[in-house]
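Visitor: All I have is the shape, not the residue letters:
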């Protein structure tokens, strides 16, 4: 692929990362507001493990955005870094999907469509990479939700 198109794609990755960081922040704040509306008689959940994950994703998103703007590295390296960032997002989504906020250690594992699929589609559609790299990174990211569900089930049995 021509160098100028790779450079444009690396800048596009930065914009996607910045948007993802904004979504992580808004989702975290909205989760706290929804908690208050849904459970008005329960204590307000201040800063917990899901917030640490969201804050980490916001920080990594802003860092990736800044890196795409300031680096002198070749665009191909930045796009490979984008695949790692995609896997990181999938990991965070997968684990937060199965996080126990009730303290009961009994979360139902039900089949459903995950936000990980949305992340995979966005990255596949906007960030060019070789077919092999995309398949490997996508397969790894896609399996993270089932691995997180397995971790929850093993904790429930313990």
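Guide: Alright, I've got the coordinates. No experiment lies behind these values; they were computed from the predicted model shown. Residues are numbered from 1 along each chain as shown.
Visitor: ok, now how distant is the residue of the chain positioned farthest from its centre from residue 51?
Guide: Distance to the chain centre peaks in the chain at residue 41, reaching 31.2 Å (criterion: Cα atoms, centre = their mean). Applying Cβ to Cβ, to the nearest Å, the value for residue 41 to residue 51 is 22 Å. For glycine as for every other residue, the C-beta is placed from the backbone atoms N, C-alpha and C.
Visitor: Equivalent analysis for residue 2, please.
Guide: 42 Å.
Visitor: isn't residue 60 right up against residue 85?
Guide: Yes - shown here, residue 60 and residue 85 form a contact pair, counting by Cβ atoms under 8 Å, at 6.9 Å.
Visitor: Please enumerate the shared neighbours of the two.
Guide: Listed as contacting both residue 60 and residue 85 by Cβ atoms under 8 Å, 6 or more residues apart in numbering are residue 17.
Visitor: of the two, who's got more company?
Guide: Neighbour count, other Cβ atoms under 10 Å: between residue 60 and residue 85, residue 85 has more, with 24 against 19.
Visitor: Count residues in the vicinity of the closest residue to the more buried one other than its chain neighbours, would you?
Guide: Nearest residue to residue 85, sequence neighbours excluded (Cβ to Cβ, 6 or more residues apart in numbering): residue 64, at 5.6 Å. With neighbours defined by other Cβ under 10 Å, the count for residue 64 comes to 23.
Visitor: following the host helix or strand of residue 64, which helix or strand shows up next?
Guide: Per DSSP states H and E, residue 64 falls inside helix 49-70. Following helix 49-70 in sequence order, the next helix or strand is helix 75-97 (DSSP H and E).
Visitor: pull the longest helix from the protein.
Guide: helix 3-38 (DSSP state H).
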